[in-house]
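**Student:** give me a 3D structure for the following:
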Amino acid sequence: MRVVVAGATGRTGGEIVVEATERGHDVVGVARSADEVGDVPVHPAEELPALLDDADAVIDFTVPEASREHAAHAAEAGVPYIVGTTGFDDDGLGALEAAAESTAVLKASNFARGVQALLAVVAAGVEALPDYDVELTETHHAGKRDAPSGTANAVLDAVDEARGEELDRTHGREGEHLREESEVGVHVRRAGNVRGEHEVMLAGNDEVLTLAHRAESRRVFAAGAVDAAEWLADREPGRYEFGDVL
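**Tutor:** Residues are numbered from 1 along each chain as shown. Reported below is the predicted structural model:
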């Protein structure tokens, strides 16, 4: 299949180019300016519409502003669209919903298989321990823009769903006040070149349960994104989740 990778010169985008190429796919890169990743040509972003004429899928790991435009182009061309960009506002999410009316759209905050397992285990743990306090800590590289991470927000959504209520997300703590039963602590760290770490702690009844996932390489995200592209290629228009792929 022919795969267009938007953000091909980025950290994860470059890994996606390598992963898709090694699987035997015809890969074309797109970035803010022309370049090259290995032997794969990278075209300026404004050339994306023309590149979609014979594409089977678009994989997008860029920034929300660019992804909104990429989603619209993919929808107009009827090309399945996979997006790993995080940090969308309501307008950005609305653009993805609009694109899904014309093509298959799969958005995921994390394409690691282990994270999907973490979400399921966190939900099970919260359901089994309904009165325990929940705290979340996530760590990423110093260059990550959005905080908390998209994965952290997905974990928090899983906690809310399992509890049957929206907990108050307390981002760090300062001053003097007692922890409320209705809150979940959210702690964000940005340092070095950390690929991604997420840890959920459930504490109560004189015991602590810790559930965690750590990505050792960005290649795990690339592999998941290419899995999604292969799976989504022949799907009908609509919204899909990475859990559907697994």
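
**Student:** which ones are touching the closest residue to residue 168 other than its chain neighbours?
**Tutor:** Counting by C-beta to C-beta, 6 or more residues apart in numbering, residue 183 is the residue found nearest to residue 168 once chain neighbours are left out, at 4.3 Å. Yep, even glycine has a C-beta here, placed from its N, CA and C like the rest. Residue 183 is in contact with 167-170, counting by C-beta atoms under 8 Å, 6 or more residues apart in numbering.

**Student:** ok, longest helix in this protein?
**Tutor:** Longest helix in the chain, counting residues (DSSP state H): helix 113-128.

**Student:** sheet partners, orientation included, of the helix or strand that comes right after it?
**Tutor:** Remark: after helix 113-128, the chain's next helix or strand is strand 133-140, criterion DSSP states H and E. Take DSSP bridges as the rule and strand 133-140 pairs in its sheet with strand 183-190 (parallel), strand 197-204 (antiparallel).

**Student:** number of residues surrounding residue 239?
**Tutor:** By the measure other C-beta atoms under 10 Å, the count of residues near residue 239 is 14.

**Student:** what packs against the strand or helix carrying residue 17?
**Tutor:** Assigned by DSSP H and E, residue 17 belongs to helix 11-22. In terms of contact count using 3 or more C-beta pairs under 8 Å, 6 or more residues apart in numbering; DSSP states H and E, helix 11-22 is assigned the packing partners strand 2-6, strand 26-31, strand 35-37, helix 219-232.

**Student:** can I get those in a markdown table with mean pLDDT, mean neighbour count and distance to residue 109?
**Tutor:** Shown next, in a markdown table, are those (pLDDT from 0 to 100; neighbours: other C-beta atoms under 10 Å; distance: least, C-beta to C-beta, whole Å):
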| stretch | mean pLDDT | mean neighbour count | distance to residue 109 |
| --- | --- | --- | --- |
| strand 2-6 | 97 | 27 | 17 |
| strand 26-31 | 95 | 23 | 22 |
| strand 35-37 | 76 | 16 | 24 |
| helix 219-232 | 97 | 23 | 10 |
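
**Student:** for these, which one sits closest to residue 45?
**Tutor:** Between residue 45 and these, the shortest separation by C-beta to C-beta is 5.6 Å, and it involves strand 26-31.

**Student:** what are the contacting residues of the closest one?
**Tutor:** Applying C-beta under 8 Å, 6+ apart, the contact partners of strand 26-31 are 1-10, 13, 17, 20-21, 35-37, 40-45, 47-48, 51, 55.

**Student:** how about stretch 118-136?
**Tutor:** Contact with stretch 118-136 is made by 148, 152, 154-156, 158-159, 161-163, 167, 179, 181, 184-187, 198-205, 209, 211-213, 243, as judged by C-beta under 8 Å, 6+ apart.

**Student:** which positions in that stretch come out as buried?
**Tutor:** 118-119, 122-123, 125-126, 129, 132-136 (16 or more other C-beta atoms under 10 Å).

**Student:** surely residue 86 meets residue 108?
**Tutor:** No: using C-beta atoms under 8 Å as the test, residue 86 is too far from residue 108 to be in contact (9.4 Å).

**Student:** buried residues in the helix holding residue 17?
**Tutor:** For helix 11-22, burial by neighbour count (16+ other C-beta under 10 Å) applies to 11-21.

**Student:** ok, stretch 84-96 next?
**Tutor:** Neighbour-count burial for stretch 84-96, counted by 16+ other C-beta under 10 Å, picks out 84-88, 92, 95-96.

**Student:** now stretch 238-246
**Tutor:** Neighbour-count burial for stretch 238-246, counted by 16+ other C-beta under 10 Å, picks out 240, 242, 245.
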